[in-house]
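Participant: Got a predicted structure plus its sequence, pasted below:
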Amino acid sequence: MPLTDDQKRRMLPSKHRQREIEKQSDENDRFHALLDKLEDVTTNGRLKDMAFHFTDTKQVVKSNLIAGIARGVGLTIGVALFVSILLAILNLFEPLPIIGEWLANLANIIEANR
């Protein structure tokens, strides 16, 4: 497909195109070098993690126990906040006839089980 007149007019001279190509090539080389460094860092990090898990079992048990406790506490607090916000929002709908009766029954059930 031939070039249009507008494309011909905007076409850079060859020396400028060569500079652009060299610039892109340099950027690509820097990107590949950075990508190689990133790969090395992540690989070394995984190796350190694997070595940690196979060398000191007490430390592994301790770190996993702390992580499990933190997850459990976070989950409990998160669920409590979510349910309390949900109930506060649902209390706003109490004046509605059908929803209000259902929510009143739900609130009574919750209070009875406390």
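Facilitator: It's in. Since we're looking at a predicted model, the values are computed, not measured.
Participant: Quick one: neighbours of Ile90, just the number.
Facilitator: No Ile there; residue 90 is Leu. When counting by other CB atoms under 10 Å, one arrives at 15 neighbours for Leu90. From N, CA and C alone the C-beta is placed, and that goes for glycine too.
Participant: do the one 10 residues further on as well
Facilitator: Gly100: 14 surrounding residues under other CB under 10 Å.
Participant: again, but for His53
Facilitator: His53: 13 neighbours (other CB under 10 Å).
Participant: Now the residue positioned nearest the centre of the chain: which helix or strand?
Facilitator: With distances taken as CA atoms, centre = their mean, Arg71 lies nearest the centre of the chain, 16.8 Å away. Here Arg71, judged by DSSP states H and E, is contained in helix 57-91.
Participant: The next helix or strand after that helix relative to helix 57-91, how many degrees between them?
Facilitator: Sequence order places helix 97-112 as the next helix or strand after helix 57-91, per DSSP H and E. Per axes from the mean of the first three to the mean of the last three CA atoms, to 10 degrees, the angle that helix 97-112 makes with helix 57-91 is 140 degrees.
Participant: Tell me which residues of helix 97-112 come out buried.
Facilitator: Neighbour-count burial for helix 97-112 flags Leu103 (criterion: 16 or more other CB atoms under 10 Å).
Participant: How far off centre is it?
Facilitator: Distance, stretch centre to chain centre, for helix 97-112: 38 Å (CA atoms, centre = their mean, to the nearest Å).
Participant: list the helices and strands that helix packs on?
Facilitator: Using 3 or more CB pairs under 8 Å, 6 or more residues apart in numbering; DSSP states H and E, no helix or strand is in contact with helix 97-112.
Participant: Please state the backbone phi and psi of Leu34?
Facilitator: Leu34 has phi and psi values of phi -60, psi -40 when expressed as degrees, to the nearest 10.
Participant: so how far is Leu86 from it?
Facilitator: The gap separating Leu34 from Leu86 is 46 Å, by CB to CB, to the nearest Å.
Participant: Quick check: pLDDT value at Lys15.
Facilitator: Looking at Lys15, its pLDDT stands at 69.
Participant: And for Thr76?
Facilitator: Per-residue pLDDT puts Thr76 at 96.
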